[in-house]
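Undergrad: Sequence and computational prediction follow.
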Amino acid sequence: MRIGSVQLDSPFLLAPLAGYTDLPFRLLCREYGAGGGLSEMISCFGLTYQQDKTHAMLASAPEERPVGIQLFGADPLVMGQAAALVSRHPIDFIDLNMGCPVKKVIKRGAGCALMREPDLARRIIRQVVANTDKPVTVKFRSGWTHETITAPDFARMAEDAGAQALTIHARTWSDGFGGQVDWEVIARVKEAVRIPVIGNGDLKSRQDGLRMMAETGCDAVMIGRAALGAPWVFSPEEGPIGLSRRLAALNRHLELIGQLLPAERMMGRIRSTACRYFKGVAKGAAIREQIFAAPDFVSLKELTSRLAA
């Protein structure tokens, strides 16, 4: 599959997840076979106002490429300015978030709110396309409610506005992160456009992704929450996921965090991330207790190294 001029070596991509898809995790998933990944969603205003924390989210590495930066906002001119800024960085494509259902994003008229304003969404896409030499993709949902499934029309609009690939999360805004994912909507979007379509929503395994592509005709899939604490979800290798494999992945994750992030200032987030590796594992509760008891990053790394020995 290609996104514009960008060639992907696997149709399994890491979805953008706020608070999770930082550089260490994207690198880890790439090592386990992901064809590429997306940053956490980044505010266009944070970029144009030169906020340090926002600019830090643009960090990338050659080893993770191809990588996309996901922008969100509702002002076409500011989104265009943000796209121009992002394009100076070593990235491969820009993704526009038009599917986030979170209230604080919706209140700004961004995310999935743009599915109710297709003319505004069109202007945003055109402004971004006009301000970058990178391929532009759009991530959106089935519609606002089950009574307003507008994804096929929205997809045609996005293609006409210049998008070079689309990701459809087959839930409505009203579903939030619950409800049933409707694969039929993905198939309808694929039929509606000529550009590549990426399916998304509740994929829990590589087999789920293969089945989605076979049943809907989509060109690739994005895996999000199922990859947390389980980067091997992208790997074609079969076999049981025992404790030793989990610890190996976690220790590599911690190694990357130590190299690339201010780990000691992020211990709450890091402990939570580490605990995810032991979900559903025998004696996992005892390991999670030890993780939360680790007073600092060095102690946590020593703990996981001992467990892996």
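TA: It's in.
Undergrad: State the distance from A82 to W232.
TA: 34 Å (C-beta to C-beta, to the nearest Å). Every residue, glycine included, has its C-beta placed from N, CA and C.
Undergrad: Tell me which of the two has more neighbours.
TA: Ranked by neighbour count (other C-beta atoms under 10 Å), A82 and W232 place A82 first, with 28 against 18.
Undergrad: Can you spell out which helices and strands pack onto the host helix or strand of that one?
TA: Assigned by DSSP states H and E, A82 belongs to helix 76-86. Here helix 76-86 touches helix 44-48, strand 67-72, strand 93-98, helix 118-130, going by 3 or more C-beta pairs under 8 Å, 6 or more residues apart in numbering; DSSP states H and E.
Undergrad: Now do the third one: everything it contacts.
TA: Looking back up the chat, that one is strand 93-98. Applying C-beta atoms under 8 Å, 6 or more residues apart in numbering, the contact partners of strand 93-98 are 3-4, 6, 16, 38, 41, 66, 68-72, 79, 83, 86-87, 105, 110-112, 114-115, 121, 124-125, 128, 132, 134-140, 154, 163-165, 167.
Undergrad: What angle do helix 118-130 and it make with each other?
TA: If you take axes from the mean of the first three to the mean of the last three C-alpha atoms, to 10 degrees, strand 93-98 sits at 170 degrees to helix 118-130.
Undergrad: Strand partners (parallel or antiparallel) of strand 93-98?
TA: Next to strand 93-98 in the sheet, as set by DSSP bridges, lie strand 67-72 (parallel), strand 136-143 (parallel).
Undergrad: Quick check: which of the ones you listed is nearest to K283?
TA: strand 67-72 (36.3 Å; C-beta to C-beta).
Undergrad: Would you indicate which residues of the helix holding A82 are buried?
TA: 76, 78-86 (16 or more other C-beta atoms under 10 Å).
Undergrad: And for stretch 234-244?
TA: 234-235, 243.
Undergrad: which outside residues touch that stretch?
TA: By C-beta under 8 Å, 6+ apart, stretch 234-244 touches 10, 12, 14, 29, 32-34, 206, 223, 227, 230, 232, 281, 307-308.
Undergrad: hmm, try it at 7 Å
TA: 12, 29, 32-34, 206, 223, 232, 281, 308 (C-beta atoms under 7 Å, 6 or more residues apart in numbering).
Undergrad: so where is the stretch 201-309 of the chain shaky, pLDDT-wise?
TA: Along the stretch 201-309 of the chain, the model assigns pLDDT under 70 to residues 238-239.
Undergrad: how about the helices in the stretch 101-250 of the chain?
TA: Listed in chain order, the helices found in the stretch 101-250 of the chain under DSSP state H, counting those that start in this stretch are 103-106, 118-130, 151-161, 183-192, 206-216, 243-260.
Undergrad: What helices and strands are in contact with the helix or strand following the longest one?
TA: Just to be clear, that refers to helix 243-260. The helix or strand immediately downstream of helix 243-260 is helix 267-275, counting by DSSP H and E. Packed against helix 267-275 by the contact rule (3 or more C-beta pairs under 7 Å, 6 or more residues apart in numbering; DSSP states H and E) you find helix 284-293, helix 297-308.
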